[in-house]
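K.L.:
need coordinates for the below:
(one chain, ligands or ions: 1)
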Amino acid sequence: MKQDFSALAKQYFTLGWCSFPSDEGIRNWVSHTLPVTKGIVNSAENSHWMRYQNTWFAGVNVLTNDAEGRVTDGPRLQGNITEFINNILHLKTDNLDKGQISVCFAGYPKPMQAETEATFRYRLNRDAAHLDGLLAVGLQRRRYLREPHSYILAIPLVESPKDAAPFVVWEKSHEIIKQEFQKIYNSIRQDQWHDIDVTQAYQEMRKHIFEHCRRVAISVSPGETYLVHRHCLHGMAPWPKTIPNTADGRMICYFRPHSIDIQSWLFDN
Ligand SMILES: [Fe+2]
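P.N.:
Now for the predicted structure:
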């Protein structure tokens, strides 16, 4: 029998995110993938992914999965969340990017030399809130829309304390961002979009969202997953000093496939 996704679809389209209950397909995928990810995180050749005095392993695209999420001889990524993406969003899960393995440890974030005081404070006080797809270019970190992606699919790999560096999202921010970007790009030829500097508009959008949208921390167990709309402002909360470290930290795999064109990124649901 087909699963009824109507309540989850309503939440996803209204708030910009939803989480999925534990699923056998996802549990299988996690149990197969976890030993591989531990090897990746602990390997000397990946030590350059450590940030903030070893409190965050950023691990962008480090997972060695194929386009359907298979790691070595493991299962493809398949479960309630992929069914939702395919049948409700009408988006693909068979052209996945290489997964990001993001691992936080106790004390995140600690200051990092390569970062300004203001950027560090933003990480500490505003969860480093950002929109994926807007690249920061040059020393001035001017923002351009350069990486259209379909969605953010998050798979926790280990159990970790609920308040230890959870993913955070600003609910309904996807509507604000979509409307504002549509206003900006509507009058501009599409082949010029990637050269439009949207830094100021982006900063104003973030400010408006901080003032008007509800900040929600999402923390679920392995086997469960969550999906975040590509237009949602999101980030990562600090690991409170009162929570001790855990053996594997807070380890999450994210997929953000660049599987839609820029027009669909802006206008589709
Ligand atoms: Fe992100």
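K.L.:
where does pLDDT dip in the protein?
P.N.:
Low-confidence regions of the chain, defined by pLDDT under 70, span residues 1.
K.L.:
which residues in it form helices?
P.N.:
Secondary structure of the chain (DSSP state H): helices located at 6-15, 24-42, 80-87, 117-126, 173-186, 199-212, 262-267.
K.L.:
ok, how many other residues are close to His149?
P.N.:
The local packing of His149 (other CB atoms under 10 Å) involves 16 other residues. Yep, even glycine has a C-beta here, placed from its N, CA and C like the rest.
K.L.:
now it, nearest residue through space, not along the chain?
P.N.:
Taking CB to CB, 6 or more residues apart in numbering as the measure, His149 lies nearest to Arg256, with 4.5 Å between them; neighbours along the chain are not counted.
K.L.:
beta partners of the most centrally placed residue in the chain?
P.N.:
Here the mean C-alpha position of the chain is nearest to the C-alpha of Ile152 (CA atoms, centre = their mean), at a distance of 4.9 Å. On the basis of DSSP bridges, Ile152 is bridged to Val228.
K.L.:
so it makes contact with Val228?
P.N.:
Yes - with contacts defined as CB atoms under 8 Å, Ile152 counts as touching Val228 at a distance of 4.1 Å.
K.L.:
which neighbours do those two have in common?
P.N.:
His234 (CB atoms under 8 Å, 6 or more residues apart in numbering).
K.L.:
buried residues in stretch 110-118?
P.N.:
Met112 (16 or more other CB atoms under 10 Å).
K.L.:
going forward, the N-terminal residue is numbered 21.
P.N.:
Sure thing, new numbering starts at 21, so read that last one as stretch 130-138.
K.L.:
mind exporting it as CSV, just the C-alpha atoms?
P.N.:
Taking only C-alpha atoms (Å, rounded to 0.1, in the frame of the first residue of the first chain), the coordinates of stretch 130-138 have been written out as CSV:
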residue,chain,number,x,y,z
LYS,A,130,36.0,27.4,18.5
PRO,A,131,37.7,30.4,16.8
MET,A,132,39.7,29.7,13.6
GLN,A,133,42.6,31.8,12.4
ALA,A,134,41.4,32.1,8.8
GLU,A,135,38.1,33.7,9.9
THR,A,136,37.3,37.2,11.0
GLU,A,137,35.9,38.0,14.4
ALA,A,138,32.6,39.0,12.9
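K.L.:
what does that stretch rub up against?
P.N.:
Stretch 130-138 has contacts (CB under 8 Å, 6+ apart) with 71-73, 75, 140, 143.
K.L.:
distance of the residue nearest to His169 from Pro168?
P.N.:
10 Å (CB to CB, to the nearest Å).
K.L.:
of those two, who's got more company?
P.N.:
Neighbours around Arg276 and Pro168, counted as other CB under 10 Å, are more numerous at Arg276. The numbers are 22 against 19.
K.L.:
what's the distance between the more buried one and Asp183?
P.N.:
Using CB to CB, Arg276 is found at 25 Å from Asp183.
K.L.:
out of the contacts of stretch 130-138, which are buried?
P.N.:
Among these, those classed as buried by neighbour count (16+ other CB under 10 Å) are 71-72, 75, 140, 143.
K.L.:
make TSV out of those and add distance to Arg270.
P.N.:
As requested, the buried ones among the contacts of stretch 130-138 are exported to TSV (distance: CB to CB, whole Å):
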residue	distance to Arg270
Arg71	14
Tyr72	14
Thr75	11
Phe140	20
Arg143	15
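K.L.:
and the furthest pair within those residues?
P.N.:
Within the buried ones among the contacts of stretch 130-138, two members stand farthest from each other by CB to CB: Thr75 and Phe140, at 12.0 Å.
K.L.:
overlap in contacts, these two.
P.N.:
With CB under 8 Å, 6+ apart as the test, Thr75 and Phe140 both reach Pro129.
K.L.:
show me what contacts the closest residue to Cys252 other than its chain neighbours?
P.N.:
Counting by CB to CB, 6+ apart, Cys252 lies nearest to Gly36, which is 4.2 Å off, once chain neighbours are set aside. Contact partners of Gly36, counting by CB under 8 Å, 6+ apart, are 189-195, 248-249, 251-252.
K.L.:
and of the residues you listed, the nearest to Gln31?
P.N.:
Top of the list for closeness to Gln31, among the contacts of Gly36 and by CB to CB, is Glu191 at 9.5 Å.
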